[in-house]
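Undergrad: Fold the following and give me the result.
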Amino acid sequence: MKVRVRRSGEKNGIDLFQVPAVENQWTVMDVLDYIALNLDPSLGYYRHSVCNQGVCGRCGVKVNGRPVLACTSKVQGEDILLEPLNNRVIRDLIVEP
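TA: The predicted structure follows:
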């Protein structure tokens, strides 16, 4: 799966990653974890291991322009674009609550 991530700060722009995600099995959070652990550890995203159940809402991102919770939303399609929500961006996909 091709994953494009809108970045801010030093890496301002869009980065492209190839991720071995399985459609309708991997969550957006699984994709972000794979990128951070295997491809680019500098990726900024909100990872809240205590929740990971779609309760706290801190992992909100836009997938192909649609707001979702990364921890509960399954990836679909061959290409996805991950962007921060419309809040004030702190870094990459991390925004102020």
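Undergrad: how about the closest residue to residue 7 other than its chain neighbours, what does it touch?
TA: Counting by C-beta to C-beta, 6 or more residues apart in numbering, residue 7 lies nearest to residue 92, which is 5.2 Å off, once chain neighbours are set aside. (Each C-beta comes from the backbone N, C-alpha and C, glycine too.) By C-beta atoms under 8 Å, 6 or more residues apart in numbering, the residues touching residue 92 are 5, 6, 7, 8, 9, 11, 43, 44, 45, 84.
Undergrad: So which of those wins on neighbours?
TA: residue 5 (25 neighbours; other C-beta atoms under 10 Å).
Undergrad: quick one: pLDDT of that residue?
TA: Looking at residue 5, its pLDDT reads 97.
Undergrad: Following element in sequence after the host helix or strand of it, please.
TA: Using DSSP states H and E, residue 5 maps to strand 2-7. Remark: after strand 2-7, the chain's next helix or strand is strand 13-18, criterion DSSP H and E.
Undergrad: what's the average pLDDT for that following strand?
TA: For strand 13-18, the mean pLDDT works out to 96.
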